[in-house]
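Visitor: Any chance you could fold what I've pasted below:
(2 chains)
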Number of protein chains: 2
Amino acid sequence: MQYWSKLVPALTWLRGYSRANFVNDSLAAVIVTIMLIPQSLAYALLAGLPAEMGLYASIFPLVAYALFGSSRTLSVGPVAVASLMTASAIGSVTATGEVDYATAATMLAFLGGLMLVTLGLFRFGFVANFLSHPVVSGFITASGVIIGLGQMGPLVGVSLQGDNLISLVIALRDQLPQAHVLTAVIGFCCLVFLLLARFAFPKLLKLMGLGPRAINLAVRAAPVLMMIVIIPISMAEDFAALQVPIVGAVPSGLPEFSSPLLNWDLISELAMPAFLIALIGFVESVSVGKTLGAKKRERINANQELVGLGAANTAAALSGGFPVTGGFSRSAVNFDAGADTQMASIFTAVGIGLATLFLTPILYFLPKAALAATIIVAVLSIIDWKIIRQAYRFSSADFLAVTLTIVITLVAGVELGVLIGVAVSLGLYLYQTSKPHFAIVGQVGASEHYRNIERHEVTTYPEILSIRIDESLYFANASYLEEIVFDQISRKPQLSDVILMCPAVNIVDMSALDALNEINERLRDLDIKLHLSEVKGPVMDTLNRSDFFERLTGEIFLSHHVAVSELRARMTLG
Amino acid sequence: MQYWSKLVPALTWLRGYSRANFVNDSLAAVIVTIMLIPQSLAYALLAGLPAEMGLYASIFPLVAYALFGSSRTLSVGPVAVASLMTASAIGSVTATGEVDYATAATMLAFLGGLMLVTLGLFRFGFVANFLSHPVVSGFITASGVIIGLGQMGPLVGVSLQGDNLISLVIALRDQLPQAHVLTAVIGFCCLVFLLLARFAFPKLLKLMGLGPRAINLAVRAAPVLMMIVIIPISMAEDFAALQVPIVGAVPSGLPEFSSPLLNWDLISELAMPAFLIALIGFVESVSVGKTLGAKKRERINANQELVGLGAANTAAALSGGFPVTGGFSRSAVNFDAGADTQMASIFTAVGIGLATLFLTPILYFLPKAALAATIIVAVLSIIDWKIIRQAYRFSSADFLAVTLTIVITLVAGVELGVLIGVAVSLGLYLYQTSKPHFAIVGQVGASEHYRNIERHEVTTYPEILSIRIDESLYFANASYLEEIVFDQISRKPQLSDVILMCPAVNIVDMSALDALNEINERLRDLDIKLHLSEVKGPVMDTLNRSDFFERLTGEIFLSHHVAVSELRARMTLG
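Guide: Residues are numbered from 1 along each chain as shown, chains lettered A, B, ... in the order given. Reported below is the predicted structural model:
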C-alpha cells in the first residue's frame, strides 16, 4: 500500500474521501467546467487545431493527472504558452504537407508525455532547475506578447501567419485592409466587455459587498457570460451568412482512443520542441502547484509531478488532444471554488465530456472573434514587464538573461528563445565562476573572524598573506587561481607564508589540483610555504585521494585564526 | 615603447641582445633545424598533405611567433594532434571534390589564426579554461592512439582511410594482405631503431658518461640519423623502382605568398574544426610554454600567447602551410640546446628555408615508411593512460570526463571527442552545483568556529538550526535549497531560529532570491525566524539591491558565532 500510494497519490486522498469532500468537489467542478469550455476551444484554435481538440484535451488528461499528480488542486489542460509553442512546432513540420496538424500535435503530446514520465521515474526532475526564473518569466512574457498580437487577426476576421513579432507585424500590416467589419465590431465588443469584467467589475462588485473569492469567480465567469449573450445573437442574425468566421461544425461525441503514428522522421523532428513544451509546462505547473500548495501547507513533489503531467500528456495524445499542463487561471478557479481533492478534476472531466456530447450544436454559432478576445485578455495576466526592471536592479547577469530571452523569443520564435535563454544563463554562471571573487583577509578586531581588508578594519602581517578564494576550484578557474596568487605575491617582498582560506571552496577537481601543486612548487622555489585553512570535509576527502598533502610545503589548519596564530607564534620563536 | 613592446614582446629581448645570446641561439637553431626536417615532412603526410607543406609551415610561422609570442623558448610548427585534426577536418570537406586538400588546410590555418588573434586582442583567453585537464589529456591520448594506428598503414606500404579506431581497424584488416614486403621490412627496421634510440640508448649513453641534456639531444637526433642511413640506401637500391613508396618530387624553392580562397561555404564548414584545432593547439602550447617557463622563471601571458599563435597560423596560411602550434618535443630540444630567445626560431626558419631550397632533391628518396616510424615513436610520448587511473582515484566527475573523452574520440573522431568532452565536464560541474553539499553545523569546543556535526564534536541547541550551504545559490539549486531547509525543519519541533551560514555562497541570483524569500515567508508562518551569517561582501551588495532585507524576519550577522551567542542570550532573557 505504501508503495502504491507513492506511485498513485490519488490512493492517499481516496481513502479518507468524505461526503463533505464530495459536495465541495462537485461544486468546484461545475464552476471549472463552465469556465473551461470557452478556454479549451480558444486554446485549440490558438494552437492552430480544430476546436474539438481543446475539449478532448480537457477530459482524459484531467483523469490521468488526478491519479498520478501530487497537487490536490492543480487543474491541467490546454494553456496559452504551450498552445503557442505547439502552433510553432507543428507549423514547421506540416509545411511539407506529409502530416496534418492534428497528427503532429498529438505526437507532440505523446513524446512530451513519455519524456516527462521517464524523467520522473528516473528522478531527473532537477533538469527543470536549469530553467532560471528570469528566463522563464522573460519567455512567458514574450510569448504573451506574440499570442496577443497574433490574436489581433482573428479578432478582426483575418488570419495571421507567423510565430514571431516581426512576421506578425508584417502580416498584420498586409492583412488589416482585408479586415471584416462586422467581425471586428463583434471582436472589439467582446474585448471591451472582457476588459471591463477584468478591470472595472471587481471594484463594482466589491462596492456591492461581495468577498474577494466570489469576485474572483465572477470575473472568471465573464467569458461564459459573453458566450451566453453572443451565441443567440449569432444564431438569430445568422452571422455565418454574413461571412463572420464562426467555430462551425464540431464533431459531437467523446474522443476515440488511438495510438499515435509511429513515423521516425516526425519523431526526430518533434523531439526537441516536445521536450521544450514539456519542460516549460512542467516548470509553469510546479510554480502554480507551489503557490496553491503554500496556502494549504501542501508540498509539491517535483518527480511525482513529472509523472503526473507525463501521464496527462500521454492521455491527451491517446485521446486526440494536444500538449497540456497545469494552468494558473484554471487552477486558481478550482481552488477558489473550494475543491478539496483531484476528484474535482475527475468531475470536471465528466462535465467537459457531457459538453462534448451535447453542447457542440450550440457552440457551432460561436464567433471566432469572441474566442480571440478571450485569449487576448487572458494573456494580459502573463505579461510581466516588471521582471526586466527587477533584474536590472538586481544583477547584470539576470538582466542579460531576461532581456536576451525576451528579445530572442520575440524576434526568432519560442524554441530559439528558450534555448538561448538557458544557454545564456548557464554561460553567465560559468563565466562568473571562471573569474571568481577573492579577498585578501585580515583579523577583525580581537575576534577569531577574518574578513576582506577592503571592507573591514582588520589586522594583517607582512610575512603572512591570507587569500580567501570565493569559489569552488575547477578547470574553468584553475589558471586564474595561479594568476591571483602570483600577482599578490609579487607585491609582498617579506612573505614567508601564504594561507589559502577555503571556506567557499566546495569542489576541487583535477585541473585545480594541478594548479595547486604548481603553486605549491613555485612558492617552494621562492622559499614561501603554502598552507590551507578551513578546508571543507568533502574537499579534504578529495585531496586525500591524491598526493597533494605529501607534496604540500605547509599545513592544513581547521580555522584561519589557528593558522595565523600558529604561524605568528613560530616566527616569534624562530 | 611601453605600448609597442607589449604588443610585440620581441622588442623586449631584442634590446639587450648580446653576442653570447647570438652564439647560443645559432647553435640551438642548427640542432632544431636538423630535428625538424623529418618531423615537418612526417606531420604534413599525417595531415594528408604534400610533404613540402610541412616545410612551409616551419618557416614563416616561426618568424611570426618570434615577434608576437610571449615565450622565449617555445618552438611552433606542425604537431601530431593538430595534424590529425587537420586530416579529419579536410577529409570531410574535400569529399565533395570542390576544393583540394591544400586549399582546405590553408583555410583551416587562416581561420584558426584570425580566431586566435581576435580572442587575444579582446582578452578572451579565458575560453581555453573550459578545456579541463582530464578532457585535454584524454583527448591527446586518444588522438595518439588513432595516429599511431593510422601510421601502421604507411609503415607497411598501404594507405589507411579513417579517423577513428573502428574504421582504422577495419581498414587495417582489409589492407594488411596487400602490404608491400620490402616497405614493411624498411618500416620495421626504422621503427626498431627509433624505439631502441628512445628506450635503450639513453641508458647506454648514460653509462658512457653523457649528461642528461646531451642524452636528450642525441635521442632527439635519432630520426635524422635514420634518414642519413636510409636515403643513400634508397638511392643505391632504387627503392622507387621496387614499388617502395617514397616522398618523391618536392618542389624546391621557398613558399609563395598567396591570399586564401574566400569561399563562404568552405569557411562555414571549416569554422568549427578551425576553432577546435586553434583552441587545442593553444592549450597544448600554453602548457608547454608554462613547463619551460617555470625553469627560467618566465611568465606566460595567455592573451599574448593567443596573439602569437594566431600570427603564426596566419603566416602559415599566407605561405602555403597548415595549422601550427607550440610542440613539446621541438620546444624541449630548443630549450635543451640552449636557446636564449626567439632569435633561435628565426635562425631555425632560415635553416628550414635553406633545406627547402637545397635538400629537396635528396629528400626525394626518403621512404614514407621511415616517416611513419618517426610518427609512431613520437606519439608514444603523448599517450598517457595514467590519467585514467589518477582520475579514477580522484573523483568520479573527472573519471567520467576523461573516459568519455577518450571513448568518444576513439569511436567517433576528434571533433566530436573534444566537443563532448567539454560538454560533459561542464555538465558534471553544473550537476554538482545543482545538488550542493550542505552541513548542519555546531560550535567546535569553546572556539568561535562552527563545523559539520557529522565530522566534528560540536555543541548545538534544539531552538537553533545552523545550516551551512556549500555552494553559490543560483537557479540550478534554488529549489534544492528549499528542500534542504524544510526537510531539516521537519526534524526539529522546538525550533525558533534558522541561521543560514553563507561563507561559501559567492553568488545569489534572482531565482535564489525568490527561493530565499519563499523560505523566509514559509518560516514566518511557522513562527520561525530566518537569519543569515557570514554573508560575503559582494553577496550583501546584491541582496541590498532587492527588498530582501526589508522582508527578512531575522537578522544578518557578521560571524556565525555572534549569531548563535546573541540568539542564545535573547532566549535566556526572554
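
Visitor: Give me the phi and psi for A:Ile499.
Guide: Torsion angles at A:Ile499 (phi, psi; degrees, to the nearest 10) stand at phi -110, psi 120.

Visitor: Just say helix, strand or coil for the nearest residue to it once chain neighbours are set aside.
Guide: Nearest residue to A:Ile499 in three dimensions, chain neighbours excluded: A:His531, at 4.5 Å (C-beta to C-beta, 6 or more residues apart in numbering or on different chains). (C-beta placed from N, C-alpha, C; glycine too.) For A:His531, the assignment made with DSSP: H, G, I helix; E, B strand; the rest coil gives strand.

Visitor: quick one: contacts for A:His531?
Guide: By C-beta atoms under 8 Å, 6 or more residues apart in numbering or on different chains, the contact list for A:His531 reads A:Asp497, A:Val498, A:Ile499, A:Leu500, A:Gly554, A:Glu555, A:Ile556, A:Phe557, A:Ala563, A:Leu567.

Visitor: Need the per-residue pLDDT for the last one.
Guide: The confidence metric pLDDT takes the value 93 at A:Leu567.

Visitor: so who does it touch?
Guide: Counting by C-beta under 8 Å, 6+ apart, A:Leu567 makes contact with A:Glu463, A:Ile464, A:Asp497, A:Ile499, A:His531.

Visitor: Please indicate which of the residues you listed has the highest neighbour count?
Guide: The residue in those with the most neighbours, by other C-beta atoms under 10 Å in any protein chain shown, is A:Ile499 (25 neighbours).

Visitor: Thought A:Phe557 was touching that one, still the case?
Guide: Yes - with contact defined as C-beta atoms under 8 Å, A:Ile499 counts as touching A:Phe557 (7.5 Å).

Visitor: neighbours around the residue in the stretch 1-150 of chain A that chain B sits nearest to, how many?
Guide: Residue of the stretch 1-150 of chain A nearest chain B, by C-beta to the nearest C-beta: A:Ser132 (3.3 Å). As a burial measure, A:Ser132 scores 31 neighbours (other C-beta under 10 Å).

Visitor: ok, for it, nearest residue in space, not its chain neighbours?
Guide: Nearest non-adjacent residue to A:Ser132, counting by C-beta to C-beta, 6+ apart: B:Phe475, 3.3 Å away.

Visitor: What residues does the one you found make contact with?
Guide: The contact partners of B:Phe475, by C-beta under 8 Å, 6+ apart, come to A:Asn129, A:Phe130, A:Leu131, A:Ser132, A:His133, A:Val135, A:Ser425, A:Tyr429, B:Asp509, B:Met510, B:Ser511, B:Ala512.

Visitor: Are we agreed that it is in a helix?
Guide: No - B:Phe475 sits outside any helix when classified using three-state DSSP, being coil.

Visitor: what about it, distance to A:Ala142?
Guide: Distance check for B:Phe475 against A:Ala142: by C-beta to C-beta, to the nearest Å, it reads 18 Å.

Visitor: Could you list the low-confidence segments of the stretch 201-350 of chain A?
Guide: A:260-261, A:297 (pLDDT under 70).

Visitor: How about it: which residue is closest to chain B?
Guide: Among the residues of the stretch 201-350 of chain A, A:Ala294 lies closest to chain B, at 6.7 Å counting by C-beta to the nearest C-beta.
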